[in-house]
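Chemist: Please work out how this folds:
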Amino acid sequence: MTVLPDDGLSLAAEFPDATHEQWQRLVEGVLRKSGKEVTGEAAEAALSTTLEDGLITRPLYTARPDADCPDTGFPGFAPFVRGGTPEGNSASGWDVRQRIAGSDPVRVNEAALADLENGTTSLWLPVGHHGIPVEGLGRALDGVYLDLAPVALDAGAEYADAARALLALFAERGTAPDAARASLGIDPLGHEARTGEALDPAPAAEIAREAAASWPGVRALTVDALPYHEAGGSAAEELGLSLATGVAYLRALTEAGLSSEAAFGQLEFRYSATADQFLTIAKLRAARRLWARIAEACGTPGAGAQRQHAVTSPVMMTRRDPWVNMLRTTVACMAAGVGGADSVTVLPFDSELGLPDAFARRIARNTSTVLLEESHLARVIDPAGGSYYVEQLTEELAHAAWEFFQTVERAGGQAAALRSGLVAERLAATWAARSKKLATRREPVTGVSEFPLLSEKPLVREPLPASPSGGLPRVRRDEAYEALRARSDAHLEATGARPRIFLAALGPASAHTARATFASNLFQAGGIEPVHDPVSVDAAGAAEAYAASGADGVAVLCSSDALYEEQAGAVASALRGAGATTVFLAGRPGTSAGAVDEYVFAGCDAVAVLSSVLDRMGVAQ
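Modeler: Below is the predicted model:
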């Protein structure tokens with residue numbers, strides 16, 4: 001090793017360290033210019049953002065003495081915040097687990113072989129009523145080297161038959177017990193959450209005993225948190241319910257005769273990964289910390305390394321402009337890898353439209369490949385570790401999740417909480433609050449509520465096998481806007497044109513461009529085609545342009561507040577005289593009192609406005 005000589009240089013040595021208070025004073029000055037007179041902590045709080053679960057994202061994170069940052073340990077050691085193994089994913093990257101939907105074993109086999117030949121390292125197969133038949137499992141895995149490619153099952157109510165079929169396949173093909181790698185996907189409580197149907201847990205314990213005794217690389221049970229995420233749950237609720245489910249399974253397995261350590265070894269956890277990269281990273285790190293705490297309480301701290309399977313969020317996937325889903329899943333995959341997930345599934349961008357095609361599956365698996373091979377994300381163990389923001393978010397999320405977990409345990413455990421309605425009510429309340437943010441576009445959805453493309457040609461895919469239902473609902477971020485767009489589509493099919501709204505852009509471009517762009521974007525989110533008038537500088541011009549526009553009875557004024565004061569009343573009257581039944585104004589209520597019928601502005605309930613406009617246009621529900 002070469003030792004560089006000390007040249008006496010010490011960059012920035014003559015500059016004193018800036019203090020937190022100095023930074024706050026600078027913030028105060030900036031806020032003062034915007035009319036806010038706040039000081040100290042209040043100034044910092046003014047720049048903070050409140051997340052779900054009562055979490056707060058502050059504008060600045062530093063190594064302050066009062067910061068509550070617990071010891072996260074080392075990778076591979078309790079509390080496993082930094083990873084379940086010392087090497088993390090640095091040896092070979094995370095397991096690229098491809099989900100292959102479909103009910104035809106032959107087609108599933110073709111897709112599986114193509115995926116394995118092109119970067120996928122394990123397979124996730126729906127089996128039973130919602131996937132390939134149990135008796136078709138062998139055909140679906142023809143040509144798959146079961147000692148090289150792990151298989152994860154998702155069999156729902158048919159879990160026992162599917163699990164035994166896969167174990168029999170291992171034996172039939174001569175797979176050595178210590179070489180077999182699989183997740184049997186047994187999750188009675190997850191199935192009950194999805195369908196409302198309670199399953200007999202006895203076969204699960206029996207299969208787990210067999211796996212623990214004869215198949216060391218096989219995990220029998222999966223704690224699937226996706227049903228709670230897909231029902232609108234927050235990150236802390238997803239974690240809390242996964243812990244409650246995991247504890248319920250530990251109790252069942254130990255009562256069936258497994259040791260505590262063996263019971264921990266039979267569980268795999270499945271979490272959602274969203275496009276909120278930091279929250280996803282913190283969630284996976286917090287999950288490992290919390291599960292390690294449970295292992296410690298059970299007297300087996302060394303068994304608390306949680307095995308994690310991360311899946312890109314179905315809730316964030318959109319049916320309109322589905323190409324944007326590629327960007328969402330890329331960010332989610334990156335976050336899952338950085339967060340330390342052992343296996344990552346990237347859902348194809350067209351997965352919400354039906355059976356994904358070969359191109360979509362290729363993009364999905366290549367997302368991990370690019371991040372691993374070209375971005376080298378897995379070469380650093382716990383790359384987010386040491387970030388003051390990530391560490392604090394991990395800590396706060398862990399506390400929120402643990403509190404909810406205790407609530408569920410006090411209610412009698414996961415099964416009792418599901419059956420009493422506690423889980424459904426809690427998740428419904430969380431989703432209702434989030435739905436307001438979506439409706440007001442405080443949480444924008446690119447391609448849906450922001451920058452929609454009305455001229456896009458819809459992608460058509462083969463239908464998927466029916467998904468399990470009857471339990472917790474499945475929500476999507478795009479659902480309210482999707483309903484509006486469906487009304488527009490039906491109108492287009494019936495009349496040959498989409499519903500149209502007239503945009504009266506008053507004055508020069510400098511006066512109307514911003515609000516015209518806002519209004520155009522807003523109405524297109526509901527499938528309403530804006531008809532622009534770039535030259536309507538007075539009432540007569542606006543009326544003439546409206547008459548020629550083909551608009552369906554609704555117009556919106558777009559300009560500056562100053563021009564509204566001068567022209568809004570006259571222009572609105574002229575538009576009504578030309579046939580407009582409703583006149584909106586792009587601006588806040590009171591901007592031009594009495595001149596118009598309605599207002600649209602940033603933060604208004606876009607879904608309610610758009611639904612009302614379609615009603616006034618006579619567009620059928």
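Chemist: C-alpha from now on. contacts and neighbour counts both.
Modeler: OK.
Chemist: I'd like the C-alpha coordinates of stretch 329-343 written as PDB, please.
Modeler: What follows is stretch 329-343 as a C-alpha-only set of coordinates in PDB (Å, rounded to 0.1, in the frame of the first residue of the first chain):
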ATOM      1  CA  THR A 329     -41.100  -0.600 -11.300                       C
ATOM      2  CA  THR A 330     -37.500   0.500 -12.000                       C
ATOM      3  CA  VAL A 331     -37.500   2.800  -9.000                       C
ATOM      4  CA  ALA A 332     -39.300   0.200  -6.900                       C
ATOM      5  CA  CYS A 333     -36.900  -2.500  -7.900                       C
ATOM      6  CA  MET A 334     -33.900  -0.300  -7.100                       C
ATOM      7  CA  ALA A 335     -35.400   0.500  -3.700                       C
ATOM      8  CA  ALA A 336     -36.000  -3.200  -3.000                       C
ATOM      9  CA  GLY A 337     -32.500  -4.100  -3.800                       C
ATOM     10  CA  VAL A 338     -31.000  -1.300  -1.800                       C
ATOM     11  CA  GLY A 339     -33.300  -2.200   1.100                       C
ATOM     12  CA  GLY A 340     -31.800  -5.700   1.100                       C
ATOM     13  CA  ALA A 341     -34.600  -7.900  -0.200                       C
ATOM     14  CA  ASP A 342     -33.400 -11.400  -0.900                       C
ATOM     15  CA  SER A 343     -35.700 -11.900  -3.900                       C
END
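Chemist: State the mean pLDDT of it.
Modeler: Along stretch 329-343, the predicted confidence averages to a pLDDT of 97.
Chemist: Mind listing what's buried along that stretch?
Modeler: Applying a neighbour-count criterion of 16 or more other Cα atoms under 10 Å, the buried positions in stretch 329-343 are 329-343.
Chemist: do the same with stretch 166-185
Modeler: For stretch 166-185, the neighbour count (16+ other Cα under 10 Å) marks 166-167, 169-170, 175, 177, 179-185 as buried.
Chemist: Pull the distance from it to the chain's centre.
Modeler: Between the mean C-alpha point of stretch 166-185 and the mean C-alpha point of its chain there is a distance of 33 Å (Cα atoms, centre = their mean, to the nearest Å).
Chemist: Let me see the ranges of the strands in the stretch 201-350 of the chain.
Modeler: When assigned using DSSP state E, counting those that start in this stretch, the strands of the stretch 201-350 of the chain occupy the ranges 218-224, 267-273, 308-312, 343-345.
Chemist: Sheet partners, orientation included, of the last one?
Modeler: The partner list of strand 343-345 in its sheet, established with DSSP bridges, is strand 95-99 (parallel), strand 308-312 (parallel).
Chemist: of all those strands, which lies closest to P70?
Modeler: Set against P70 and scored by Cα to Cα, those come closest in strand 308-312, at 22.4 Å.
Chemist: what comes into contact with that closest one?
Modeler: Applying Cα atoms under 8 Å, 6 or more residues apart in numbering, the contact partners of strand 308-312 are 268-274, 284, 329, 332-333, 336, 341-347.
Chemist: Can I get that strand in CSV, CA atoms only?
Modeler: Only the C-alpha atoms of strand 308-312 are listed here, as CSV (Å, rounded to 0.1, in the frame of the first residue of the first chain):
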residue,chain,number,x,y,z
GLN,A,308,-37.7,-11.2,2.3
HIS,A,309,-39.4,-11.3,-1.1
ALA,A,310,-40.2,-7.8,-2.5
VAL,A,311,-42.8,-7.3,-5.2
THR,A,312,-43.3,-4.1,-7.1
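Chemist: pLDDT averaged over that strand - what is it?
Modeler: Taken as a whole, strand 308-312 has a mean pLDDT of 98.
Chemist: ok, now stretch 456-463?
Modeler: Averaged across stretch 456-463, the pLDDT comes to 92.
Chemist: Please apply the same query to stretch 261-270.
Modeler: Per-residue scores along stretch 261-270 average to 97.
Chemist: One more: stretch 583-594?
Modeler: Predicted confidence along stretch 583-594 averages 86 (mean pLDDT).
Chemist: So what would you say the end-to-end distance of that stretch is?
Modeler: Distance across stretch 583-594, first residue to last, is 11 Å (Cα to Cα, to the nearest Å).
Chemist: Show me what counts as buried in it.
Modeler: V583, F584, L585, A586, G587, T591, S592.
Chemist: wait, which of those is closest to A114?
Modeler: Set against A114, the nearest of the buried residues of stretch 583-594 by Cα to Cα is A586 (52.3 Å).
Chemist: Just give the nearest non-adjacent residue to that closest one, would you?
Modeler: V600 (5.0 Å; Cα to Cα, 6 or more residues apart in numbering).
Chemist: Equivalent analysis for G138, please.
Modeler: Using Cα to Cα, 6+ apart, the nearest residue to G138 is L169, at 6.9 Å.
Chemist: which residues make contact with stretch 78-87 from outside it?
Modeler: Residues outside stretch 78-87 that contact it (Cα under 8 Å, 6+ apart) are 72-77, 285-286, 288-290, 292-293, 301-302, 304-307, 340, 381-382, 385.
Chemist: Can you say which of the residues you listed are buried?
Modeler: Buried residues within the contacts of stretch 78-87, counting neighbours by 16+ other Cα under 10 Å: 72, 74-77, 285-286, 288-290, 292-293, 301-302, 304-307, 340, 381-382, 385.
Chemist: Which of the residues in stretch 40-51 are classified as buried?
Modeler: Of the residues in stretch 40-51, A43, E44, A45, A46 count as buried by neighbour count, 16+ other Cα under 10 Å.
Chemist: What is the subsequent helix or strand relative to the helix or strand in which the third one is found?
Modeler: The reference is to A45. Assigned by DSSP states H and E, A45 belongs to helix 40-46. Of the helices and strands lying after helix 40-46 in sequence (DSSP H and E), the nearest is strand 49-50.
Chemist: So in that sheet, which strands flank that following strand, and in what orientation?
Modeler: The strands beside strand 49-50 in its sheet (DSSP bridges) come out as strand 56-57 (antiparallel).
Chemist: and the strand it pairs with, what's its mean pLDDT?
Modeler: 90.
Chemist: Would you mind pulling the contact partners of it?
Modeler: Outside of strand 56-57, the residues within contact range by Cα under 8 Å, 6+ apart are S48, T49, T50, L51, L393.
Chemist: follow-up on the earlier one: would you format the strands paired with strand 343-345 as TSV with distance to A466 included?
Modeler: Formatted as TSV, the strands paired with strand 343-345 follow (distance: least, Cα to Cα, whole Å):
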stretch	distance to A466
strand 95-99	16
strand 308-312	20
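Chemist: Need those strands in TSV (columns: distance to A213 and mean neighbour count).
Modeler: Listed next are the strands paired with strand 343-345 as TSV, based on distance: least, Cα to Cα, whole Å; neighbours: other Cα atoms under 10 Å:
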stretch	distance to A213	mean neighbour count
strand 95-99	25	26
strand 308-312	22	26
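Chemist: Quick one: closest of these to S435.
Modeler: Of those, nearest to S435 by Cα to Cα is strand 308-312, at 20.3 Å.
Chemist: where does the residue nearest to S103 when sequence neighbours are not counted land on pLDDT?
Modeler: Leaving out its chain neighbours, the residue that sits closest to S103 by Cα to Cα, 6+ apart is I132, at 4.1 Å. In the predicted model, I132 carries a pLDDT score of 96.
Chemist: My read is that I132 contacts D104, right?
Modeler: Yes - applying Cα atoms under 8 Å, one finds I132 in contact with D104, separated by 6.0 Å.
Chemist: more crowded one of these two?
Modeler: I132 (25 against 14; other Cα atoms under 10 Å).
Chemist: From F278, how far off is A384?
Modeler: When Cα to Cα is the yardstick, A384 and F278 sit 9 Å from each other.
Chemist: In helices, which of the contacts of stretch 78-87 fall?
Modeler: Within the contacts of stretch 78-87, residues falling in helices by DSSP state H are R285, A286, R288, R289, L290, A292, R293.
Chemist: any chance of these in CSV, with pLDDT and distance to S34 too?
Modeler: Written out in CSV, the entries for the ones in helices among the contacts of stretch 78-87 read as follows (pLDDT from 0 to 100; distance: Cα to Cα, whole Å):
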residue, pLDDT, distance to S34
R285, 97, 38
A286, 97, 38
R288, 97, 43
R289, 96, 42
L290, 97, 43
A292, 96, 47
R293, 96, 46
